[in-house]
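Student: Output the structure for:
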Amino acid sequence: RGFVVQELGEVEAQRRTGLDFAGYQRHTGYVFVRAPGEHKSGVNADDVVQGALGDCYFLSPVMAVARINPSRIQRLIRGPVETKPDTIVLIHGFWVTPRSWEHWKKYYEAKGYTVLTPAYPGFEVEVEALRADPTPIEQLRVPEIIDMLENLIGKLDRPPIIIGHSAGGVFTQILLDHGFGAVGVAIDSAPTEGVKVIPLSEIKSGFPILKNPANRHRAVGFTPKQWHYVFANTFSEEKSLELYERYHIPASGRVFWGSALANIHPGKDDTYVDYHNDARPPLLFISGKQDHLFPPKVGHSNVKHYKS
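Tutor: As a prediction, this is how the structure comes out:
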């Protein structure tokens, strides 16, 4: 708590955390004793020493955070530490895998970025393998996806740029809300909890899953014709079929139904974000006007929910 008070001031720290900081002393002195850049991996648990502070109860949790999530410590350091993002994390949506980012990855790598395209848990295999055995898709859970992404991002030296498409846009919003990333981009994002706008084209796009409640326990794919309507409506049928064969996999009925019912369930759902979170990193929404699954009305409504 002393670290929080020193960074924010007692009144602001209490407002943000809800904790009572009365009686806590301000400490001065260095926590990280190495010069910026001296350690190749950035912030390291070994950098924390008792030193001038003389408070092992404070330094022990700081060292623990430095070990499991160094980017959180870096965001609190003032000085000549390099904070410009050097990594881009691309989060795929449903009906596809990280293979869908293959051209984006090459583009940003050519710009000098390290580009990560993490797969959902169980999706680490190739498209063809998931088509043959969709068990990992049927077992998919949103909390497991978020835990995996937070673990990945938390180990980076600097907070990255996070870009998510469709369901990946929801996961991008959740990650930013949880304090991960330097900035986020949600492309044709699925709605987070509280967004109730449902255009007709969205209903038609999701109908293959939503038409049967039993699909909540299944992995549900598109036919080539359905894929053309939902994913490739600006391409010829020939090109759409090529993309279908290259990228298409079934989607999780469990997660899709959960998102559809998020505004009915009592309490916070898996797609909940705090729209009043003033500490959230910047977030950009991009909507394609010809997108059928999540057209601009969905993105516009999602944006309006943010009050911070």
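
Student: what ranges do the strands span in the protein?
Tutor: For the chain, applying DSSP state E gives strands covering 87-91, 114-116, 161-165, 183-187, 219-220, 251-252, 283-286.

Student: most neighbours per residue, which of these?
Tutor: Most buried of the strands of the chain by mean neighbour count (mean count of other C-beta atoms under 10 Å) is strand 251-252; its value is a mean of 28. In short, each C-beta sits where N, CA and C put it, glycine included.

Student: just to revisit the earlier point, out of the strands of the chain, which is closest to Val230?
Tutor: Judged by C-beta to C-beta, the one of the strands of the chain that comes nearest to Val230 is strand 251-252, at 10.3 Å.

Student: just to revisit the earlier point, and of the strands of the chain, who's closest to Asp269?
Tutor: Comparing the strands of the chain against Asp269 with C-beta to C-beta, the closest turns out to be strand 251-252 (15.0 Å).

Student: That closest one: partners in the sheet, and parallel or antiparallel?
Tutor: Take DSSP bridges as the rule and strand 251-252 pairs in its sheet with strand 219-220 (antiparallel).

Student: Average pLDDT for the partner strand, rounded please.
Tutor: For strand 219-220, mean pLDDT is 94.

Student: nearest residue to the spatially most central residue of the chain other than its sequence neighbours?
Tutor: Computing the C-alpha centroid of the chain and ranking residues by C-alpha atoms, centre = their mean puts Thr172 first, at 2.9 Å. In this structure, Thr172 finds its nearest non-sequential neighbour in Gly164, 3.5 Å apart by C-beta to C-beta, 6 or more residues apart in numbering.

Student: For that neighbour, give the beta-bridge partners.
Tutor: Ile91, Ala186.

Student: quick one: pLDDT of it?
Tutor: pLDDT, read off for Gly164, is 98.

Student: What separation do you get for it and Ala251?
Tutor: Per C-beta to C-beta, to the nearest Å, Gly164 is found 15 Å from Ala251.

Student: Also Leu241?
Tutor: Distance, Leu241 to Ala251, using C-beta to C-beta: 19 Å.

Student: which residues does Leu284 bridge with?
Tutor: Assigned bridge partners for Leu284, using DSSP bridges, are Val185.

Student: Do you have the helices of the stretch 51-200 of the chain handy? List them.
Tutor: Remark: helices assigned in the stretch 51-200 of the chain by DSSP state H, counting those that start in this stretch are 56-68, 70-74, 102-110, 127-132, 135-138, 142-154, 167-177, 200-210.

Student: and of those, who's closest to Thr192?
Tutor: Short answer: helix 167-177, nearest of the helices of the stretch 51-200 of the chain by C-beta to C-beta, at 5.4 Å.
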